[in-house]
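A.B. asks: can you look at this prediction? I've put the sequence above it.
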Amino acid sequence: MNQKLYGGVALFDSVVANKGTVEMLSRAVAAGSLSHALIIEGDSGSGKHTLAFSLAAALAGGDASTEGRMRTGLCPDVRLIGASDGRKTIGVETVREMTRLAYITSNEFDFRMFIIENAEAMTASAQNAFLKLLEEPPSGVYFVLLCTSSTLLLPTVRSRAVLLRTERCSDEEVKRYVLGVSPRA
């Protein structure tokens, strides 16, 4: 487990691998220098969602229960955005709704975070609409784009975000993590 402390709280505890990325994000959170836009690229199962929600919990100064509330949608300041029911793409209407929500004052924390899963599923029109929000983001708003390949995003979107790559967990890392959280496993 990655035991990074920030204000006495263990951060990124649920992230199994990707130590270099965790170190970089931990430093950025501690220094208050986290970019407003991140692209987390990696294969399915490489921990992109875990990393994004752990980052949100770290920004909140929270713990595993805070992260759990965020994952289940019980925290209005952290939103998971994706394709609407029955659609394969993320359209302009979804980006417009996200833009509207980005300008609403946060409820529980001093930030808002939008985690966009399968960001490469955004249509070109949606990415162009999102570009304006990336160029002039509201204060305290973060965007985390999760994708398998950032090359499927428009170059203008990629140029306005920090790219992080995840790697799949080894069997040994998974075993260590499972035994660490449940010795009876």
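C.D. replies: Thanks, I have the structure now. Residues are numbered from 1 along each chain as shown.
A.B. asks: helices along this protein, start to end?
C.D. replies: All helices of the chain, identified by DSSP state H, fall at 19-31, 48-60, 64-71, 92-102, 124-135, 155-158, 171-181.
A.B. asks: which strands and helices sit next to the biggest strand by length in the chain?
C.D. replies: The strand that spans the most residues within the chain, counting by DSSP state E, is strand 141-147. Contact here means 3 or more C-beta pairs under 8 Å, 6 or more residues apart in numbering; DSSP states H and E; on that basis strand 141-147 packs against strand 37-41, helix 48-60, strand 112-116. For glycine as for every other residue, the C-beta is placed from the backbone atoms N, C-alpha and C.
A.B. asks: list the strands paired with that strand, with their directions.
C.D. replies: Note on strand 141-147: by DSSP bridges, its sheet partners are strand 37-41 (parallel), strand 112-116 (parallel).
A.B. asks: now it: buried residues?
C.D. replies: For strand 141-147, burial by neighbour count (16 or more other C-beta atoms under 10 Å) applies to 141-147.
A.B. asks: can you give me the end-to-end span of stretch 29-39?
C.D. replies: Taking C-alpha to C-alpha, to the nearest Å, stretch 29-39 runs 16 Å from one end to the other.
A.B. asks: again, but for stretch 74-89
C.D. replies: Distance across stretch 74-89, first residue to last, is 25 Å (C-alpha to C-alpha).
A.B. asks: in the protein, what spans have low per-residue confidence?
C.D. replies: Regions of the chain meeting the criterion pLDDT under 70 cover residues 1-17, 169-171, 173-183, 185.
A.B. asks: the same query, at a cut-off of 80, please.
C.D. replies: Low-confidence segments of the chain (pLDDT under 80): 1-18, 20, 62-63, 167-185.
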